[in-house]
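S.K.: Structure, please.
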Amino acid sequence: MVDKAIGIPLNDFLDRFWPIPPGHAPFIPAKNPFRKVADRVHKGATEEIIAKTFVKIVNDRTLTPGLVARMCAHKTNGDGTLLRVDGAFYRTNNPDAPVPLNGAPQLEDQVVTIEFKRGGTSNDPFSDDGDACPESTSRKEARGQIVTYAEQAFAVQRRIAWFLLHINGRQCRVTRWDRSGVVYTHLFDYCKNWRLFSEVLWRMSQCSDELLGLDPTARRIYQSDPLYKTMDDAAMGRDTDLDQDVTGTFIQLDKIPANRPVVYKYVRALFETSLTHNAPRYLLDVPDGDKIRQYLVGRPIFIAKGALGRGTLGFAALDRETEEFAWLKDCWRVDYTGVEPEGEILRELNAAGVPNIPTVLCYGDLPGQKTVSPEVWSWALKRVSNDGNSKVNLAIQTPGQLRLGSQASTVGNTASPSPLAPTFNRDCQLRLHQHARMVVEEIALPLKHFKKGKGLLDIIYDCLEAHSAAVDKPTSRLHRDISGSNIMMVPKLIRKGNRGWIMFRGLLCDWELSKRIDSQIRVPRQPGTWQFMSATLLNHHEKAAEICDDLEAFFHVLLYYAVRYLKSNLTQKEVGDFIDEYFDQFLYYKQWRCGYRKQEVLKYGLLQTGEAADIEFGSPLDDLFATLLPWFQGNYFVQEYKAFLEQASSPTSPTPASTLPPAKPDEGSEGTALFDEEQSLRYGTSKKRRRADSAGIDNSATNIPSSGVASKMVKTRPRRARAPTAEESENAAKVQTHEAFMTILQEICGTADAKYWPDDRDPSGDCYPKDKAHRGTDYVRLDRASAPFSYIGVLVKQKTQRRSSKRARTDQTASSLGAGGTGGDDSEVDKQS
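M.R.: Modelled structure (predicted):
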């Protein structure tokens with residue numbers, strides 16, 4: 001957040017955010033109430049003593065009528081949240097939320113937070129001297145602590161902004177945080193300027209909940225509200241709930257109502273979990289055209305990391321009217337012309353008949369809820385440039401421009417006009433965000449819940465089908481953020497009379513970053529999720545995303561989940577090392593580039609570990625990777641040749657055939673018949689399936705017979721040449737459309753032989769070492785950023801700066817249990833932009 005802070009004078013802050021109510025006058029005590037605090041600070045008192053003295057004075061003198069201050073530094077919230085804040089203000093007139101008396105923080109009821117420090121510049125997170133965000137270690141730590149508090153406040157409460165009083169000895173700052181940035185006041189001595197500070201506290205106490213940042217479209221549901229019991233009742237299991245894990249066999253549907261949506265056990269369990277530990281409950285408004293629909297929610301199932309950015313939250317929600325479950329996505333979308341709301345995108349895709357995507361029920365922007373800090377930034381910059389005002393501090397860094405501070409005199413930006421919104425300020429590094437909500441029908445499961453390798457391929461195929469339809473239909477839309485968090489799985493009940501069965505379908509989520517292929521709007525940096533972006537996009541930041549880049553991302557997702565969750569010849573340590581090297585690391589040479597291991601696999605067409613050992617799964621996956629790798633290898637060279645005219649070389653290495661014995665079901669069994677039904681539903685009948693020859697696939701060359709699965713492969717490296725060979729160009733052509741990729745999946749999964757797929761899910765459930773810092777669901781998402789890699793540079797600058805692989809910090813939890821595409825959403829890289 002080093003470029004997201006604006007320092008302004010206290011009076012400007014008060015007039016803008018905490019105005020005096022009409023017809024009222026501030027209460028100012030006759031004598032200085034803070035003399036005792038000044039005395040404690042002078043004697044070197046600890047933070048706790050300063051805090052106790054301050055809180056007692058505020059309460060005893062009634063400096064905040066309607067609010068009461070409490071210390072809460074010694075207890076946690078009791079809901080699994082371990083973070084503790086020093087103190088907070090609470091409403092005194094809410095009988096449903098009594099003021100805590102036992103030192104518990106009650107984060108859900110806090111109105112304004114207080115942070116206490118014992119004094120000194122080292123404890124001051126901001127600065128009034130040129131650089132708004134000082135880079136000394138102690139001051140960065142103090143700032144990081146507040147960032148964590150802000151992140152927690154936005155996660156626990158439904159807020160549009162968050163306020164913090166930072167009491168540092170006898171100095172104070174007032175800060176306001178929204179999803180674009182932070183506005184802070186210049187430092188002032190509240191013990192000396194006690195009249196002014198008394199007015200600050202009085203103004204704060206006279207503000208409505210909305211002025212203090214609470215969301216008026218989210219109504220708290222307390223135990224006295226009948227809706228509280230409605231939520232409890234909905235969380236209780238029913239005999240009609242279906243077990244999503246009962247697949248591959250017929251089930252009786254006598255008790256399942258045909259006129260109501262099917263409820264699966266995991267859906268009700270998610271809703272029940274969101275209500276545990278006395279989690280705050282809300283009734284959320286969701287726009288639906290000219291109407292408002294309301295949904296009951298508890299704790300978010302998914303919480304995007306970070307205090308700034310889109311701040312995506314995902315809820316297992318209950319429709320107040322129908323009492324049906326749905327997935328509610330709450331986020332602060334980027335508000336520029338040409339950046340379409342995800343609800344509109346999904347509504348268009350749904351109308352066009354694109355399969356295997358979320359079904360949108362309602363969506364819309366919440367009126368009057370845009371971030372304010374970009375407006376303050378523009379106002380502050382105007383004062384700096386026009387008036388030479390030295391009382392404004394900006395933490396900014398624009399292209400071709402020095403960091404501006406109190407003495408800044410140049411504010412021009414020579415960048416060419418942008419086709420974005422007319423209100424888009426190219427000089428302003430604070431992105432404008434609009435609060436929006438969207439509800440979709442499906443509550444999906446993360447991809448890691450697949451049962452075996454074939455199930456993984458089935459899900460990938462379904463999402464490829466969705467991607468292909470979105471590109472080919474009149475929508476002509478490219479997803480541009482294919483990642484493990486956006487490929488999900490959802491159970492579907494297939495009815496046949498009074499019997500049926502459950503099969504999982506893939507669901508391609510999170511279309512917010514998608515763009516029409518013919519769109520003329522360009523962004524400075526293509527969006528995506530670092531771990532799964534194509535090597536070409538990672539190496540060439542200005543390149544526009546193409547179909548081949550999204551298809552390569554599908555390949556990376558498939559490889560990631562295969563290595564991490566399936567049986568292979570890798571040890572647990574080798575799995576961890578490969579995932580780190582291939583997905584998390586990056587190179588730096590003049591700019592941030594694709595990591596070494598990913599480039600090596602694509603350059604040489606060899607799926608190997610760092611010790612040059614082939615990775616083998618002992619299943620048809622070996623043959624699939626043997627087929628796909630040359631295609632993406634050829635594409636890599638074609639793309640690199642276009643950009644750099646680079647050379648490439650390739651050795652030869654054979655790979656053994658599959659080794660795991662297949663688990664054959666009994667011929668003619670009910671499971672076999674059901675398997676054939678599922679194959680027909682997903683891949684079509686044999687007459688309707690794609691033909692390998694029509695997709696440009698030479699079965700003899702790939703060793704994949706038209707009736708079954710390949711048994712072996714031959715890997716070849718490209719010859720050293722300045723231009724791609726004819727074979728490489730031919731292979732590259734296979735990933736310019738979806739046909740070849742989908743055909744090869746049909747050849748492997750859509751045939752009778754696929755029913756003998758081995759039980760290849762690793763018995764441990766997760767092959768990644770438990771003692772490593774990486775988590776498979778923590779992905780770095782790169783959004784429409786003007787300089788997205790600058791923050792990564794900050795993260796690693798204390799490490800070696802030699803040209804070698806460095807680990808990219810994963811600041812974004814992208815695993816989501818919802819179909820709203822909530823994952824991969826708000827990384828620190830996104831926040832930097």
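
S.K.: what about residue 541, how many residues close to it?
M.R.: Neighbour count of residue 541, defined by other C-beta atoms under 10 Å: 17. C-beta coordinates here come from the backbone N, C-alpha and C atoms, glycine included.

S.K.: any idea which element it lies in?
M.R.: Residue 541 is part of no helix or strand when elements are defined by DSSP states H and E.

S.K.: and the closest residue to residue 364 other than its chain neighbours, what element?
M.R.: Of all residues beyond its chain neighbours, the one nearest residue 364 is residue 287 (2.6 Å), with distances taken as C-beta to C-beta, 6 or more residues apart in numbering. Take DSSP H and E as the rule and residue 287 turns out to sit in strand 281-288.

S.K.: Run through the neighbouring helices and strands of that strand.
M.R.: strand 218-221, helix 226-235, strand 291-297, strand 325-334, strand 360-370, strand 433-440 (3 or more C-beta pairs under 8 Å, 6 or more residues apart in numbering; DSSP states H and E).

S.K.: Compute the distance from the centre of the first one to the centre of its chain.
M.R.: Relative to its chain's centre, strand 218-221 lies at 25 Å (C-alpha atoms, centre = their mean, to the nearest Å).

S.K.: same deal with the second one?
M.R.: Its chain's average C-alpha position is 30 Å from that of helix 226-235, according to C-alpha atoms, centre = their mean.

S.K.: Low-confidence ranges, this protein, go.
M.R.: Where the chain drops to pLDDT under 70, the residues are 1-3, 77-82, 130-132, 385-391, 394-428, 521-526, 644-677, 685-722, 752-753, 772-833.

S.K.: mind listing what's buried in the longest helix along it?
M.R.: With secondary structure taken from DSSP state H, the chain has its longest helix at helix 620-644. Across helix 620-644, burial judged by 16 or more other C-beta atoms under 10 Å covers 620-641.

S.K.: what about the strands in the stretch 251-400 of the chain?
M.R.: Under the criterion DSSP state E, counting those that start in this stretch, the stretch 251-400 of the chain contains strands at 251-252, 281-288, 291-297, 302-303, 313-319, 325-334, 360-370, 393-394.

S.K.: Next: the stretch 501-650 of the chain.
M.R.: All strands of the stretch 501-650 of the chain, identified by DSSP E, counting those that start in this stretch, fall at 515-516, 528-529, 585-588, 592-594.

S.K.: which strands and helices sit next to the first one?
M.R.: Applying 3+ C-beta pairs under 8 Å, 6+ apart, one finds that strand 515-516 makes contact with strand 477-478.

S.K.: Quick one: distance of the helix or strand that comes right after the strand it packs on to the chain centre.
M.R.: Per DSSP H and E, the first helix or strand lying C-terminal to strand 477-478 is strand 487-496. Distance of strand 487-496 from its chain centroid, counting by C-alpha atoms, centre = their mean, is 25 Å.

S.K.: picking up where we left off before, tell me which of the strands of the stretch 501-650 of the chain lies nearest to residue 217.
M.R.: Among the strands of the stretch 501-650 of the chain, the nearest to residue 217 by C-beta to C-beta is strand 515-516 (29.1 Å).

S.K.: For that closest one, give me every contacting residue.
M.R.: 475-478, 480, 521, 545 (C-beta atoms under 8 Å, 6 or more residues apart in numbering).

S.K.: out of those residues, who's nearest residue 334?
M.R.: Using C-beta to C-beta, residue 521 comes nearest to residue 334 of these, at 12.4 Å.

S.K.: Now the residue nearest to residue 44 when sequence neighbours are not counted, what are its backbone angles?
M.R.: Spatial nearest neighbour of residue 44, excluding adjacent residues (C-beta to C-beta, 6+ apart): residue 118 at 7.7 Å. Per-residue torsions, residue 118: phi -80, psi 0 (degrees, to the nearest 10).

S.K.: Next, give phi and psi for residue 29.
M.R.: Dihedral angles for residue 29 - degrees, to the nearest 10 - are phi -60, psi 160.

S.K.: ditto for residue 216
M.R.: For residue 216, the backbone dihedrals are phi -70, psi -10 (criterion: degrees, to the nearest 10).
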